[in-house]
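Trainee: When you get a sec, could you give me coordinates for this:
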Amino acid sequence: MTDFTEDRLLPVDPTARAIARDLYASVRELPIISPHGHVDAGMIRRDDAWTDPTQLLITSDHYMTRLLHAGGVGYEALGLHTGRSPGIEGWRTFVDHWLSFAGTASGYWIEQTLRSVFGIEEPLSPENGDAAYARIAQRLAEPRFAPRALFEDFDIDALATTDDPLDDLADHAALAADPSFRGRVLPTFRPDRYLDPEAADFEAAATALTSTAGATTFASYLEAFRMRREHFIAHGAVSADHGVTELLTIDLGDDAPAFFDRALRGSLSPYESQLFRGHMLLEMGRMSARDGLVMTIHPGVRRNHHTGAFQRFGADRGHDIPLATRFTDELRPLLQEVGLVPGMHIVLFAVDETAYSREIAPLAGFYPSVFIGAPWWFLDAPDAGMRFREAVTETAGFSRNSGFIDDTRAFLSIPARHDMSRRLDAAFLARLVVQGRVRQAAAFQIIRDQVIAQPRKVFKL
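Mentor: Here you go, the predicted structure:
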């Protein structure tokens with residue numbers, strides 16, 4: 001019988017399990033490199049102690065609240081309409097729905113977080129839920145559970161945040177200048193709302209951006225992007241992140257300035273807005289080819305699927321739903337222009353699992369600039385992680401992927417997510433070793449590269 005703690009996610013077959021144990025042990029204690037995520041740099045700079053287990057572990061994490069909502073828990077009961085945590089009552093609601101998370105990625109992460117961070121081994125239940133809450137609250141009051149102490153305890157080598165182009169990045173600058181903080185917290189340039197004419201605040205955002213370059217023209221718009229990217233690079237940024245609903249790259253040529261002017265007036269049709277977004281994604285790729293920022297693209301999500309829930313509770317509430325996504329023809333204009341430029345790095349993510357074997361792996365198997373982004377959101381789960389490896393490895397091998405991406409706002413879950421990835425890689429490689437497809441010595445080198453060398457290479461760390 002597999003030991004629940006030590007052998008989780010490893011193969012059932014005894015021969016493969018023994019190899020997987022050794023592979024996992026070789027990388028278990030390596031530092032964490034997190035080149036794409038959403039942790040707040042200000043939280044780390046301020047080093048504020050957490051006081052509320054419910055807000056920290058449950059209501060601030062839409063992976064958790066979405067499943068509670070699906071189980072009939074209103075967002076009002078979780079305080080999401082006011083921003084005030086429901087405290088222990090919200091925790092009791094979560095505990096009452098504990099089995100709703102069984103077998104899910106969220107359930108795996110929260111259970112491993114409770115175990116590895118707070119030492120809570122037993123499954124939650126109405127009988128022990130209050131005691132677990134009290135234990136977590138007590139530990140959060142200890143200095144070693146403050147954000148910076150945990151950053152060091154988690155052995156995080158580099159952590160990337162996600163930031164607005166007009167952010168002054170003062171938190172990042174303060175951390176970089178603080179000799180008592182030994183980690184690296186890197187900003188990431190995220191320009192989506194400045195590129196989408198259909199975004200609610202596009203006119204105000206684009207006008208504010210162009211004002212930094214001195215005029216409200218298309219040329220100033222592009223110059224402002226270049227200037228702000230330089231500002232991010234000066235503060236340690238290594239990548240620019242692009243989340244688009246539909247993937248398209250297209251060159252509007254001399255028509256682009258007129259499209260921009262009409263976008264500011266709100267007079268583009270939906271189709272014209274799509275063309276403008278496609279042109280601007282191409283422009284962002286051109287800028288990455290020049291300034292060296294890694295271009296990460298994660299398309300194919302219908303944001304805020306339920307309008308009423310979005311209007312009442314805001315964005316990032318767990319109803320961003322995947323769409324079928326295509327990459328081959330949609331990225332061809334970008335790849336025709338910059339796909340072979342030396343030093344250009346493009347990391348492609350997908351929520352549509354079929355895209356990995358059908359299009360992303362073949363693209364990464366030809367273009368030296370293209371790398372396969374590790375499973376994102378609905379795919380960053382144990383079974384899906386193994387399907388990902390199976391989908392891409394035969395076509396593109398291990399050297400064409402990004403290394404693991406935790407993509408999380410939930411700071412305390414970072415070790416559990418990276419540990420999951422290391423266990424899955426150990427399990428996958430052990431199977432290849434047993435099947436005679438990879439030599440055992442090579443497997444040890446590959447798994448180490450996936451943890452350290454590959455993310456450093458892909459994200460130029």
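Trainee: Residues contacting whichever strand or helix holds Ala256, please?
Mentor: Secondary structure assigned from DSSP states H and E places Ala256 in helix 256-265. Counting by C-beta atoms under 8 Å, 6 or more residues apart in numbering, the neighbours of helix 256-265 from elsewhere in the structure are 197, 202-203, 206-207, 216-219, 221, 252, 268, 272-273, 275-276, 279. For glycine as for every other residue, the C-beta is placed from the backbone atoms N, C-alpha and C.
Trainee: Check stretch 306-320 too.
Mentor: Under the criterion C-beta under 8 Å, 6+ apart, external residues in contact with stretch 306-320 comprise 62-63, 65-67, 69, 75, 80-81, 301-305, 377.
Trainee: domain assignment for this protein?
Mentor: What automatic domain parsing lists as the domains of the chain is 50-142, 147-458.
Trainee: ok, back up a step: would you write a PyMOL line that selects the buried entries of the contacts of stretch 306-320?
Mentor: What follows is the PyMOL syntax selecting those of the contacts of stretch 306-320 that are buried according to 16 or more other C-beta atoms under 10 Å:
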select buried, resi 62+63+65+66+67+69+75+80+301+304+377
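Trainee: Of the contacts of stretch 306-320, which belong to strands?
Mentor: When the contacts of stretch 306-320 are checked against strands using DSSP state E, the ones located there are 301-302.
Trainee: Skipping its backbone neighbours, what lies nearest Ser413 in space?
Mentor: Ranked by C-beta to C-beta, 6 or more residues apart in numbering and with sequence neighbours excluded, the top spatial neighbour of Ser413 is Trp109, at 4.6 Å.
Trainee: Equivalent analysis for Leu323, please.
Mentor: Ranked by C-beta to C-beta, 6+ apart and with sequence neighbours excluded, the top spatial neighbour of Leu323 is Gly300, at 4.7 Å.
Trainee: What separation do you get for that neighbour and Ala77?
Mentor: The gap separating Gly300 from Ala77 is 31 Å, by C-beta to C-beta, to the nearest Å.
Trainee: which of the two has more neighbours?
Mentor: The residue with the greater number of neighbours, taking Gly300 and Ala77 and applying other C-beta atoms under 10 Å, is Gly300; the counts read 23 against 15.
Trainee: ok so, going back, go through the contacts of stretch 306-320 and say which is closest to Asp171.
Mentor: When the contacts of stretch 306-320 are compared for distance to Asp171 (C-beta to C-beta), His62 comes out closest, at 22.7 Å.
Trainee: count of neighbours near the residue nearest to the closest one when sequence neighbours are not counted?
Mentor: Leaving aside its chain neighbours, His62 sits nearest to Gly318 (4.0 Å; criterion: C-beta to C-beta, 6+ apart). Applying other C-beta under 10 Å, we find 21 residues neighbouring Gly318.
Trainee: The residue nearest to Leu323 touches Phe327, doesn't it?
Mentor: No - distance between Gly300 and Phe327: 9.5 Å, which falls outside the contact criterion (C-beta atoms under 8 Å).
Trainee: Identify the contacts common to these two.
Mentor: 247, 350, 355.
Trainee: buried ones in the helix or strand that contains the residue nearest to Ser413?
Mentor: Assignment of secondary structure by DSSP H and E places Trp109 within helix 105-118. Buried residues in helix 105-118, defined by neighbour count with 16+ other C-beta under 10 Å: 105-114, 116-118.
Trainee: Quick one: the helices in the stretch 251-400 of the chain, in order.
Mentor: Along the stretch 251-400 of the chain, counting by DSSP state H, counting those that start in this stretch, helices occupy 256-265, 270-291, 307-313, 332-338, 354-355, 361-364, 382-396.
Trainee: List just the one of the ones you listed that sits closest to Leu23.
Mentor: Across the helices of the stretch 251-400 of the chain, Leu23 has its closest neighbour in helix 382-396 (13.4 Å, C-beta to C-beta).
Trainee: Which strands and helices lie in contact with that closest one?
Mentor: helix 105-118, helix 361-364, helix 414-434 (3 or more C-beta pairs under 8 Å, 6 or more residues apart in numbering; DSSP states H and E).
Trainee: how does it look with 10 Å?
Mentor: The elements that helix 382-396 packs onto, with contact taken as 3 or more C-beta pairs under 10 Å, 6 or more residues apart in numbering; DSSP states H and E, are helix 105-118, helix 361-364, strand 370-372, helix 414-434.
Trainee: show me what contacts the residue nearest to Val73 when sequence neighbours are not counted?
Mentor: Taking C-beta to C-beta, 6+ apart as the measure, Val73 lies nearest to Thr93, with 5.8 Å between them; neighbours along the chain are not counted. For Thr93, the set of contacting residues under the criterion of C-beta atoms under 10 Å, 6 or more residues apart in numbering consists of 54, 58, 68, 71, 73-74, 77-78, 86, 129.
Trainee: ok, of those, which one's closest to Phe411?
Mentor: Out of these, the one with the shortest distance to Phe411 is Ile58. That distance is 13.9 Å, counting by C-beta to C-beta.
Trainee: For the nearest residue in space to Leu331 that is not next to it in sequence, the count of nearby residues, please.
Mentor: Taking C-beta to C-beta, 6+ apart, and ignoring the residues beside it in sequence, Leu331 has Thr249 as its nearest neighbour in space, at 5.9 Å. Using other C-beta under 10 Å, Thr249 has 25 other residues around it.
Trainee: Thought Glu337 was touching Thr249, still the case?
Mentor: Yes - in this structure, Thr249 sits in contact with Glu337. The criterion is C-beta atoms under 10 Å, and the distance is 8.7 Å.
Trainee: list residues touching both of the two?
Mentor: Counting by C-beta under 10 Å, 6+ apart, the shared contacts of Thr249 and Glu337 are 282, 285.
Trainee: just to revisit the earlier point, could you point out which of the buried residues of helix 105-118 is nearest to His345?
Mentor: The closest of the buried residues of helix 105-118, once distances to His345 are taken by C-beta to C-beta, is Ala105, at 27.1 Å.
Trainee: so where do the strands sit in the stretch 151-300 of the chain?
Mentor: Along the stretch 151-300 of the chain, counting by DSSP state E, counting those that start in this stretch, strands occupy 156-160, 184-186, 239-242, 294-297.
Trainee: For the first one, what is the distance to the chain centroid?
Mentor: Just to be clear, that refers to strand 156-160. Mean-position distance between strand 156-160 and its chain equals 13 Å (C-alpha atoms, centre = their mean, to the nearest Å).
Trainee: cool, and the second one?
Mentor: Strand 184-186 has its average C-alpha position 15 Å from the chain's average C-alpha position, going by C-alpha atoms, centre = their mean.
Trainee: Who are the packing partners of that strand?
Mentor: Other helices and strands packing on strand 184-186, by 3+ C-beta pairs under 10 Å, 6+ apart, are strand 32-34, helix 41-46, strand 156-160, helix 170-177.
Trainee: got JSON lines for the ones you listed, with mean neighbour count, distance to Leu9 and mean pLDDT too?
Mentor: Putting those into JSON lines (neighbours: other C-beta atoms under 10 Å; distance: least, C-beta to C-beta, whole Å; pLDDT from 0 to 100) gives the following:
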{"stretch": "strand 32-34", "mean neighbour count": "24", "distance to Leu9": "18", "mean pLDDT": "98"}
{"stretch": "helix 41-46", "mean neighbour count": "18", "distance to Leu9": "29", "mean pLDDT": "97"}
{"stretch": "strand 156-160", "mean neighbour count": "22", "distance to Leu9": "22", "mean pLDDT": "98"}
{"stretch": "helix 170-177", "mean neighbour count": "17", "distance to Leu9": "33", "mean pLDDT": "98"}
